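K.L.:
take this sequence and fold it.
(one chain, ligands or ions: 2)
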Amino acid sequence: MERVVVVTGANSGIGLALCERLLCEDGQLRLCLACRNMQRAEAARSALLTSHPDARVDLLHLDVGSVQSVLAAAQEIKARYRRVDFLYLNAGIMPNPHVDIRAFFKGLFSRNVINMFSTAEGLLTQQDRLNADGLQEVFATNLFGHFILIRELEPLLCQADLTSHVVWTSSSNARRSAFSIQDIQHRNGVEPYSSSKYASDLLSLALNRHKNSQGLVSSVICPGLVMTNLTYGILPSFFWTLIMPIMYLIRIFTNTFTLTPHNGAEALHWLFLQKPESLDARAKYHSQTSGLGRNYTQPRQMDVDSETCEALFSKLLDLEKVVRRKLSEKQAENDAHQKYLSEVE
Ligand SMILES: NC(=O)C1=CN([C@@H]2O[C@H](COP(=O)(O)OP(=O)(O)OC[C@H]3O[C@@H](n4cnc5c(N)ncnc54)[C@H](OP(=O)(O)O)[C@@H]3O)[C@@H](O)[C@H]2O)C=CC1
Ligand SMILES: CC(C)=CCC[C@@H](C)[C@H]1CC[C@H]2C3=C(CC[C@]12C)[C@@]1(C)CCC(=O)C[C@@H]1CC3
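P.N.:
Numbering: from 1, shown residues only. Ligands and ions are numbered 1, 2, ... in the order given. Sure thing, here's the model as predicted:
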């Protein structure tokens, strides 16, 4: 039976590297690249078909930062496929990042230096904004859009006799202290990225608690530090060129500097090969690369508790209701306006 794999944010970086690796693993796959930019999606598809001419690679328009786009994409997936074996929730943003240079130099000469380089703790802030749905953009893109996608795809993901695997691309930057259950969208802070990634860790655990019995398994991975558009956006490109030799030097001390998208996709690829029942719902699976360039996956316990994960799950369900109501009110207004226009013509 051909397996169906959907990857969000598949047109570049870790998502594209994952697609390449999956096609090397299983040439019979039905691979769906779910992307917001169709030109880049086409380019990604062509690149994949160059190395795998017989592969079945579909494109799907999906802007995870827009609820309307998520609903339309989910409809399309349900029309196209009878099953989804793997749903990789990989699309993500870190808008307007700022590195605290003073904290960086302070950290450089402290005992915390390895942790700072692995997690960026205390170094990184971002400026967020509201999107067209009235949601914080980072929360909407990195978490909520994916949550709505899962909810809409439940008929495919929760089928009797078929296990579906949902995989979140989280981060080592996910941190409990950046997240507040009173402010799940992170309206009042300067670390929306860290907050959204911690929320994905919590949500994955909640999904396992609520949906395992229906055949849905959720896992979380961390790709390490990977040089992609997202990372290049943090500092000017000449800086990255300058410090690249230092980055390879740091890799000797921390295997979390995976650096290439291929290496970063290690844990995503590894999960594709595992039996879902052998996985730990409380583990985050880390892509690691040794100083000599050997890739492997290492599970580490996440800093999550059942109470907070249940509270987040229930808040997301409440927010889903609000957003859906607003959308249908907007739709009704549009319909009334169209009717009025056709009557006066
Ligand atoms: N690079 C790193 O070191 C790390 C990355 N990550 C995570 O890995 C994931 C992949 O990022 P990475 O490969 O590094 O960076 P890239 O910027 O290369 O990839 C991000 C992908 O997400 C897509 N995307 C962004 N916003 C949306 C949206 N609204 N709708 C649909 N697609 C969208 C981008 O599409 P487009 O081309 O249209 O922008 C792009 O394909 C992210 O979730 C990121 O947070 C986690 C830890 C470390
Ligand atoms: C040698 C030198 C001057 C390095 C630059 C330091 C920082 C710019 C990096 C140190 C830790 C990095 C890091 C990330 C971005 C770049 C650093 C802050 C991420 C936040 C990128 C996205 C993630 O999800 C996790 C990464 C953790 C580590």
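K.L.:
and the residue nearest to residue 200 when sequence neighbours are not counted, what does it touch?
P.N.:
Spatial nearest neighbour of residue 200, chain neighbours left out: residue 168 (4.5 Å); criterion: C-beta to C-beta, 6 or more residues apart in numbering. Using the backbone N, CA and C atoms, a C-beta is placed for each residue, glycine as well. Neighbouring residues of residue 168 by C-beta atoms under 8 Å, 6 or more residues apart in numbering: 89, 146, 200, 201, 203, 204, 218, 219, 220, 221.
K.L.:
what helix or strand does residue 168 sit in?
P.N.:
Using DSSP states H and E, residue 168 sits in strand 164-169.
K.L.:
which helices and strands does the next helix or strand after that strand pack with?
P.N.:
For strand 164-169, the following helix or strand on the C-terminal side (DSSP H and E) is helix 192-211. Secondary-structure packing of helix 192-211 (3 or more C-beta pairs under 8 Å, 6 or more residues apart in numbering; DSSP states H and E): strand 124-126, helix 137-139, helix 145-152, strand 164-169, strand 216-222, helix 306-344.
K.L.:
nearest to ligand 1, of these?
P.N.:
Closest to ligand 1 of those is strand 164-169 (C-beta to the nearest ligand atom; 4.2 Å).
K.L.:
what does this protein put close to ligand 1?
P.N.:
Residues of the chain found near ligand 1 (C-beta under 6 Å from any ligand atom) are 8-9, 11-15, 35-37, 40, 62-65, 90-93, 141, 169, 171, 223, 225-226, 228-231.
K.L.:
now do the helix or strand hosting residue 104: distance to the chain's middle.
P.N.:
Element membership for residue 104, per DSSP H and E: helix 101-108. Mean C-alpha position of helix 101-108 versus that of the full chain (C-alpha atoms, centre = their mean, to the nearest Å) differs by 29 Å.
K.L.:
what about the residue in the stretch 1-150 of the chain that ligand 2 sits nearest to, how many residues nearby?
P.N.:
Ranked by C-beta to the nearest ligand atom, the top residue of the stretch 1-150 of the chain for proximity to ligand 2 is residue 120, at 3.7 Å. As a burial measure, residue 120 scores 24 neighbours (other C-beta atoms under 10 Å).
K.L.:
in TSV, list the helices and strands packed on helix 192-211 along with mean pLDDT and distance to ligand 2.
P.N.:
Below are the helices and strands packed on helix 192-211 laid out as TSV (pLDDT from 0 to 100; distance: least, C-beta to the nearest ligand atom, whole Å):
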stretch	mean pLDDT	distance to ligand 2
strand 124-126	97	5
helix 137-139	98	12
helix 145-152	98	16
strand 164-169	98	9
strand 216-222	98	8
helix 306-344	94	20
